[in-house]
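A.B. asks: Build me a structure from this.
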Amino acid sequence: MRKGIDYIGNTTVYFCHDGKGNFLLSKRSEKARDEQGTWDPGGGAIEFGDSVIETLYREIKEEYFADVLEQEFLGYMDVHRESKGKKTHWIALVFKVLVNREQVKNGEPNKFDEIGWFKLDNLPSPLHSQFPYALKEFAHKLK
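C.D. replies: From the prediction side, this is the model:
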């Protein structure tokens, strides 16, 4: 059975920032699960037995080699979309996370072509399909 396809998947989504208005994004590679070539803030599925916060900390460490300095829960997104011709459904728990910019490296070069720091008013393109919705819902909390 596949998360998000055969049953509702649960995931963390995180907007990592440096405390100076810069947000860390990754560009999904051809080997990423879906939406290859798009930029997104980061996320990871919650595994059975793991807490939401454990998942948040683990995923940021895996993807960016960074420790979580501070985290704030922003809210959730009920994500319905289509991937490779199949409808998917995820519940995304969204966080704003302060990280030390000096620690950050691409921890998953097989999944990310590149990573970069961006201001919310100067984002790269194309963006992950859910990114505009997340910004609409949470931009006021990201400033």
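A.B. asks: can you point me to the longest strand in this protein?
C.D. replies: Looking across the chain with DSSP state E, the single longest strand is strand 68-83.
A.B. asks: Let me see the mean pLDDT of it.
C.D. replies: Mean pLDDT, strand 68-83: 94.
A.B. asks: Give me the contacts around it.
C.D. replies: With C-beta atoms under 8 Å, 6 or more residues apart in numbering as the test, strand 68-83 has contacts from 13-15, 33-35, 53, 56-57, 60, 87-100, 129-130, 133-134, 137-138, 141-142. No exception for glycine: its C-beta is placed from N, CA and C like everyone else's.
A.B. asks: hmm, which of the residues you listed are the buried ones?
C.D. replies: For these, a burial check counting by 16 or more other C-beta atoms under 10 Å picks out 13-15, 35, 56-57, 60, 88, 90, 92-99, 130, 134, 138, 142.
A.B. asks: So which of those belong to strands?
C.D. replies: Going by DSSP E, the strands hold 13-15, 88, 90, 92-99 from these.
A.B. asks: Could you work out the most separated pair of these?
C.D. replies: Spanning the widest gap among those are T88 and L98, at 29.9 Å by C-beta to C-beta.
A.B. asks: and the spatially most central residue of the chain, what is it in contact with?
C.D. replies: What sits nearest the mean C-alpha location of the chain, by C-alpha atoms, centre = their mean, is G42, with 2.0 Å. Contact analysis of G42 by C-beta under 8 Å, 6+ apart lists V13, Y14, F15, C16, L24, L25, S26, E59, I60, E63, Y64.
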